[in-house]
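Peer 1: Sequence and predicted structure below; questions after.
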Amino acid sequence: MTDNSLPKRVPEKPAMKLAHITTRPPHLVQALEALGQRADHQEAAQDLIDELSGITVLVARKFTNDRTADGLLDAFYLTVGCISLGISQANIPEDGDAQLSFLLHHGAEHVFQMGFRHIKELSGLPYTVFLSDFDNDPFVQQRDIKVLFAEICRADPISAWTGDDVYKREWLDRQNNQRIVACAQWLRKKHYAGPVKDPDLDAQAVIAIAVIFAIAGDGPIVARVRQKDLETLIQGVRKTPLDIEAGWNALLKKVPAEYHPILRERMDEYRNTIVKKILSKTRIKTVITEIQNSYAGSELEVDYD
Amino acid sequence: MNAKTNFPAISRQVTELVLSGSTKHAEEAINDTAEQFGDLAVVAVLDTLEPQVAAMHLSAFDGGKLSLATLLISPKAWAESLAFFAATWGEEMIEDEPEVLTESLFAHIHGVIFSSDDAERRTRLVHEALSTDWGTTAFAVLFSTATQEIIELANDIHSRGANNSGHTTSDHDVIPLALEIARSDTDAWDRVLFEIFPDWQPGENQLRARSEEGDDDEHHHEYALARTTHDLLLRLRKQVPSKAVRAPKKGARPSLGENIFE
């Protein structure tokens, strides 16, 4: 029988335009490759292998299972990724030798610790702009750290790793959430009827309410409303012609500058949508329903009377 | 004085007695502890024993002899100690008298698991033991003595579910143990099956015992052949943790330990 099962050689296509994708192995692997190039690397390699296996066991004990081969393998991937994350965020040139020097200077354990601290910091930032009491539960916090750790730090040394990019993206997202939450919390603190104290927070809704109520002119900051307040507002603004921009500028003047971009973004969004509807002849009930559903969300107090 | 302060002393005493080969006296010390401080104190003492010491002590008691230690040891500590059960096995013993070793392993595991009527404890024992590689191998050793029956049972469980199975199959000694696993922890049951039949691809091939003549290459793809008891005993022996691994590294930098997560 002739063996024709050999893979056929794929003819190389001449200079096909490809999307620009850079794939690279985890940073730890790059550093280790650099170590292989160094003369007289025996001792450093031995120290590293001791440290790395020690870390792997600790990770297995805490997160996977140190009593099965599978658990140890998982922990091994997590160790590679977490150290790579530590290296990637350290502001050193993207170059194996520099990464290696960094690793050897600090020791694998400390670099792992840096990586893990990044994960913990990231986990401390809000995942959404909707906070609940639940988020303060230590058990939930631990679980969130574990989830992020597994998501970002799983790196197979023989394939490409993008955990550092995932981390950066997630960091920016959450920073953004953090600003929105901070803005909403500031508005809540300045609420005209005294600070709103509620462990649950729908930050978008708080901002929406403040922006919508500011159209009525220079008045107190409103962070939480009842349906009746909405009705009063709509009836009021329909009666007398008013300068919306002046009202908004008055609001901006009261709010710290760091929150301005967030509020402005919201104003631009509302100017031709919900604000138009508020001022139009649309039935008040319809407008209120829309505000309830799409803007004020859970920051609208339910009227029982 | 807080009774707790006595435990390290008792642990040390038990350890010394076990290591000097006097399991009887060690067991007496454990009985005294139970009488003086209650069962929970015994659990605490057993938890603080080195796993190899616990293994030595427990292996002196099996189905025939009752021991407070086998009744009270925490599932986790037992699972750890199982790693050392095969520590004393030599290669010749595995070669010459696999039945003796298997029998002692069976007596031990069966003794610990069925020593109590507490179903919850049995479940936890099974779960902890089978979340270790060595524990999985140890159970596989036992089941490999009745591969045919295990295959029958596995197929039965696959088609009818663990709770409806087992009534008609053989009365081999290991069947109740197998059922205990399959009923309380399906993942664990799968792990043991994979340990016995490493080539098993569920839905793809059938489980099969290795026949005496050795038909290894025939039907190679249709069947997942079982590991032999001998193979499994060797595997278990190889998993005994060695001292070399535990030797502290001599690196200049002091280890952060658990602090790497801080």
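Peer 2: Noted; the coordinates are in hand.
Peer 1: rest of the way, CA atoms for contacts and neighbours
Peer 2: Noted.
Peer 1: Spell out which residues of the stretch 51-200 of chain B are next to chain A.
Peer 2: With Cα under 8 Å from any Cα of the partner chain as the criterion, the stretch 51-200 of chain B meets chain A at residues B:131-133.
Peer 1: what ranges do the helices span in the stretch 51-200 of chain B?
Peer 2: Counting by DSSP state H, counting those that start in this stretch, the segments of the stretch 51-200 of chain B that form helices are B:51-59, B:68-72, B:75-82, B:91-96, B:98-113, B:119-130, B:133-143, B:147-160, B:174-184, B:186-196.
Peer 1: er, the stretch 201-305 of chain A actually
Peer 2: So, for the stretch 201-305 of chain A - with DSSP H, counting those that start in this stretch - the helices run A:203-213, A:227-239, A:244-254, A:260-271, A:274-279, A:284-291.
Peer 1: Quick one: which of the residues of the stretch 51-200 of chain B next to chain A is the most crowded by neighbours?
Peer 2: B:Thr132 (23 neighbours; other Cα atoms under 10 Å in any protein chain shown).
Peer 1: who are the neighbours in contact with B:Ile30?
Peer 2: Residues near B:Ile30 by Cα atoms under 8 Å, 6 or more residues apart in numbering or on different chains: B:14, B:42, B:68-69.
Peer 1: ok, back up a step: could you export the helices of the stretch 201-305 of chain A to a markdown table, including columns for distance to A:Trp161 and mean neighbour count?
Peer 2: Formatted as a markdown table, the helices of the stretch 201-305 of chain A follow (distance: least, Cα to Cα, whole Å; neighbours: other Cα atoms under 10 Å in any protein chain shown):
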| stretch | distance to A:Trp161 | mean neighbour count |
| --- | --- | --- |
| helix A:203-213 | 34 | 25 |
| helix A:227-239 | 51 | 15 |
| helix A:244-254 | 44 | 17 |
| helix A:260-271 | 34 | 15 |
| helix A:274-279 | 44 | 17 |
| helix A:284-291 | 44 | 16 |
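Peer 1: quick one: which of these is nearest A:Glu94?
Peer 2: A:Glu94 sits nearest to helix A:260-271 of all these, at 33.7 Å, using Cα to Cα.
Peer 1: elements contacting the closest one?
Peer 2: helix A:203-213, helix A:244-254 (3 or more Cα pairs under 8 Å, 6 or more residues apart in numbering or on different chains; DSSP states H and E).
Peer 1: could I have the first one exported to PDB, CA atoms only?
Peer 2: It stands for helix A:203-213. Only the C-alpha atoms of helix A:203-213 are listed here, as PDB (Å, rounded to 0.1, in the frame of the first residue of the first chain):
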ATOM      1  CA  ALA A 203     -25.400  55.200  38.000                       C
ATOM      2  CA  GLN A 204     -26.700  55.900  34.500                       C
ATOM      3  CA  ALA A 205     -30.200  56.500  35.800                       C
ATOM      4  CA  VAL A 206     -29.000  58.900  38.500                       C
ATOM      5  CA  ILE A 207     -27.200  60.900  35.900                       C
ATOM      6  CA  ALA A 208     -30.200  60.800  33.500                       C
ATOM      7  CA  ILE A 209     -32.400  62.200  36.200                       C
ATOM      8  CA  ALA A 210     -30.100  65.000  37.100                       C
ATOM      9  CA  VAL A 211     -29.700  66.000  33.500                       C
ATOM     10  CA  ILE A 212     -33.400  65.800  32.700                       C
ATOM     11  CA  PHE A 213     -34.300  67.900  35.700                       C
END
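Peer 1: Centre of the chain to it, how far?
Peer 2: 22 Å (Cα atoms, centre = their mean, to the nearest Å).
Peer 1: quick revisit: indicate which one of the helices and strands packed on helix A:260-271 is closest to chain B.
Peer 2: Minimum separation from chain B across the helices and strands packed on helix A:260-271 (Cα to the nearest Cα) falls at helix A:203-213, 30.6 Å.
Peer 1: ok, and what's touching that closest one?
Peer 2: Residues outside helix A:203-213 that contact it (Cα under 8 Å, 6+ apart): A:129-131, A:180-181, A:183-185, A:187-188, A:221-225, A:233, A:248, A:251, A:263, A:266-267, A:275, A:295-299.
Peer 1: Likewise for stretch B:83-103?
Peer 2: So stretch B:83-103 is contacted by B:51-52, B:55-56, B:59, B:105, B:134-135, B:141-142, B:229-230, B:233-234, B:236-237, B:239-241 (Cα under 8 Å, 6+ apart).
Peer 1: repeat that with 10 Å
Peer 2: A:67, B:51-56, B:58-59, B:104-108, B:129, B:132-135, B:137-138, B:141-145, B:229-242 (Cα atoms under 10 Å, 6 or more residues apart in numbering or on different chains).
Peer 1: Likewise for stretch A:275-285?
Peer 2: Contacts for stretch A:275-285 (Cα under 10 Å, 6+ apart): A:211-212, A:215, A:230-231, A:233-239, A:241-242, A:244, A:267, A:269-271, A:274, A:286-288, A:290-291.
Peer 1: Output that stretch as PDB, restricted to C-alpha atoms.
Peer 2: Extracted in PDB, the C-alpha atoms of stretch A:275-285 (Å, rounded to 0.1, in the frame of the first residue of the first chain):
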ATOM      1  CA  VAL A 275     -35.900  66.300  25.900                       C
ATOM      2  CA  LYS A 276     -37.600  67.000  22.600                       C
ATOM      3  CA  LYS A 277     -40.300  64.600  23.600                       C
ATOM      4  CA  ILE A 278     -40.700  66.300  27.000                       C
ATOM      5  CA  LEU A 279     -41.300  69.600  25.300                       C
ATOM      6  CA  SER A 280     -43.500  68.200  22.500                       C
ATOM      7  CA  LYS A 281     -47.100  67.500  22.700                       C
ATOM      8  CA  THR A 282     -46.700  63.800  23.400                       C
ATOM      9  CA  ARG A 283     -49.000  62.500  26.100                       C
ATOM     10  CA  ILE A 284     -47.400  63.000  29.500                       C
ATOM     11  CA  LYS A 285     -48.000  59.400  30.400                       C
END
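Peer 1: Quick one: mean pLDDT for that stretch?
Peer 2: The pLDDT scores in stretch A:275-285 average 87.
Peer 1: From the chain's centroid, how far away is it?
Peer 2: Chain-centre distance of stretch A:275-285: 36 Å, with Cα atoms, centre = their mean.
Peer 1: repeat for stretch B:10-30
Peer 2: Per Cα atoms, centre = their mean, the displacement of stretch B:10-30 from the mean C-alpha position of its chain is 22 Å.
Peer 1: same thing with stretch B:82-91?
Peer 2: Put simply, stretch B:82-91 sits 11 Å off its chain's centre (Cα atoms, centre = their mean).
Peer 1: List the buried residues for it?
Peer 2: Within stretch B:82-91, the residues that qualify as buried by neighbour count (16 or more other Cα atoms under 10 Å in any protein chain shown) are B:82-87.
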